[in-house]
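Asker: let's see this in three dimensions:
(one chain, ligands or ions: 1)
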Amino acid sequence: MSIEQLAETARAMVAPGKGIIAIDESSGTCAKRFAGVGIENIEENRRAYRELLLTTPKANEYLSGAILFDETIRQKTKGGVPFAKFMADNGMIPGIKVDKGTHPLAGFPGELITEGLDGLRERLAEYYKLGARFAKWRAVITIGEDTPSGTCIDSNAHALARYAALCQEQGLVPMVEPEVLMDGDHDIETCYEVTEVTLRSLFDALYQHNVMLEGTILKASMVVPGKDCPEQASVEEVAEATLMCLKSTVPAILPGIVFLSGGQSDEAATAHLDAMNRMGPNPWPLSFSYGRAMQQAALKLWAQDMTGNWDKAQATVYDRAKANGLAALGKWEG
Ligand code: 13P
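Answerer: Predicted coordinates:
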């Protein structure tokens, strides 16, 4: 796979006014989300729900792609079309989550390391055959009294770099995701410092592993105060802090940055993205790769009446895609 092809895919992922819907929840996370609205966590429900999201009429006006889970990329629409083919036929790029989740980092209580490197080359080759053109790996950095440690940050950066190099070898664009969690009562300055150190470590590791940044997308968390911090920040403060942190750590050659929503409300996730784009021009396109902030309204509606509310639920997916697509241009009207 040439770097030109990877770069072309990466650019298409962050095409002007378009972003990505993350629907790559593992069956365990899906169980949690379904339990929250009283849906039984069985395969057919997971399939039907993903079909609802992926087949939203005209969502491709604002969505360049979607991140699928291993089970999802093997599933089909009710009409028998594999989801990845349905997406490609509708101008959306199929992506796949390839990490195997977080585990306690031995020797560092309260900290997590993402696993999944063993056998990854073969899994990536299979996902490519199934139609995936980009792959996501999420590392988690937890802010606490004595965390994160340098060891946790560097170990996760090293794993991200090894996965990213393998992705490019197999023809997939790596979407590298070092998520600094919003959990806790830390202030926005602490989040800034931790995000800065995390991104420096990540780009150093990517460089050490010969990862071609032209064919890489960063999935970043925004610089925000912890959920339980008494002093919350304004939209402008979050946008300014996030931009400053990214500009001082992320090389300009990267084709784009997308954000996770991380537990922000739908409105806040959109407002922050919009504000950052209004503050531009920025070195890279800034767009979205939201999971919860794209889905939660639709999931609630679908849970109330799975067949009766199908169209209504899809309409909210379209609305969320449109709002975030406009925010990716700095043109959201609130
Ligand atoms: P949220 O937007 O719900 O944080 O999910 C995005 C994602 O893919 C996390 O890995």
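
Asker: and the closest residue to residue 209 other than its chain neighbours, what pLDDT?
Answerer: With sequence-adjacent residues excluded and distances taken as C-beta to C-beta, 6 or more residues apart in numbering, residue 209 is closest to residue 161, at 4.0 Å. Yep, even glycine has a C-beta here, placed from its N, CA and C like the rest. Note on residue 161: pLDDT of 99.

Asker: gap between the residue nearest to residue 216 when sequence neighbours are not counted and the ligand?
Answerer: Spatial nearest neighbour of residue 216, chain neighbours left out: residue 174 (5.4 Å); criterion: C-beta to C-beta, 6+ apart. Between residue 174 and the ligand the computed distance is 14 Å (C-beta to the nearest ligand atom, to the nearest Å).

Asker: double-check that residue 174 belongs to a strand.
Answerer: Yes: according to DSSP: H, G, I helix; E, B strand; the rest coil, residue 174 belongs to a strand.

Asker: you'd agree the residue nearest to residue 209 is up against residue 203?
Answerer: No: checked against C-beta atoms under 8 Å, the pair residue 161 and residue 203 is beyond contact range at 9.3 Å.

Asker: thinking again about what came up before, for the residue nearest to residue 209, give me its contacts.
Answerer: 202, 205-206, 208-209, 211 (C-beta atoms under 8 Å, 6 or more residues apart in numbering).

Asker: closest one of these to residue 220?
Answerer: Nearest to residue 220 out of the contacts of residue 161 is residue 202 (C-beta to C-beta; 9.8 Å).

Asker: now do the SS call for that closest one.
Answerer: helix.

Asker: could we number from 31 for the rest of this?
Answerer: In the new numbering, first residue 31, that becomes residue 232.

Asker: excluding sequence neighbours, find me the nearest residue to it.
Answerer: Distance criterion C-beta to C-beta, 6+ apart; nearest residue to residue 232, sequence neighbours excluded, is residue 187 at 4.6 Å.

Asker: any idea how far residue 148 is from that neighbour?
Answerer: Using C-beta to C-beta, to the nearest Å, residue 187 is found at 19 Å from residue 148.

Asker: get me the contact residues on this structure for the ligand.
Answerer: Residues of the chain found near the ligand (C-beta under 6 Å from any ligand atom) are 52, 54, 168, 207, 290-292, 320-323.

Asker: of these, which belong to helices?
Answerer: Among the residues of the chain next to the ligand, the ones falling in helices (DSSP state H) are 322-323.

Asker: show me the residues around residue 362 that make contact.
Answerer: Neighbours of residue 362 in contact, by C-beta under 8 Å, 6+ apart: 300-301, 303-304, 353-354, 356.

Asker: contacts for stretch 47-57, please.
Answerer: 43, 63, 71, 76, 80, 83-84, 89, 92-99, 101-102, 125-127, 131, 166, 288, 290, 317-321, 324-325, 347, 351, 354-356, 358-359.

Asker: ok so, going back, comparing residue 187 and residue 148, which shows the higher neighbour count?
Answerer: Of the pair residue 187 and residue 148, residue 187 is the one with more neighbours under other C-beta atoms under 10 Å, namely 26 against 9.

Asker: my guess is the more buried one meets residue 235, correct?
Answerer: Yes: with contact defined as C-beta under 8 Å, residue 187 reaches residue 235; the gap is 4.0 Å.

Asker: can you list residues touching both of the two?
Answerer: Contact criterion C-beta under 8 Å, 6+ apart; residues shared by residue 187 and residue 235: none found.

Asker: skipping adjacent residues, who's closest to the residue of the stretch 31-180 of the chain found nearest the ligand in space?
Answerer: Here the stretch 31-180 of the chain gets closest to the ligand at one residue, residue 52, 3.5 Å apart by C-beta to the nearest ligand atom. Distance criterion C-beta to C-beta, 6+ apart; nearest residue to residue 52, sequence neighbours excluded, is residue 321 at 3.8 Å.
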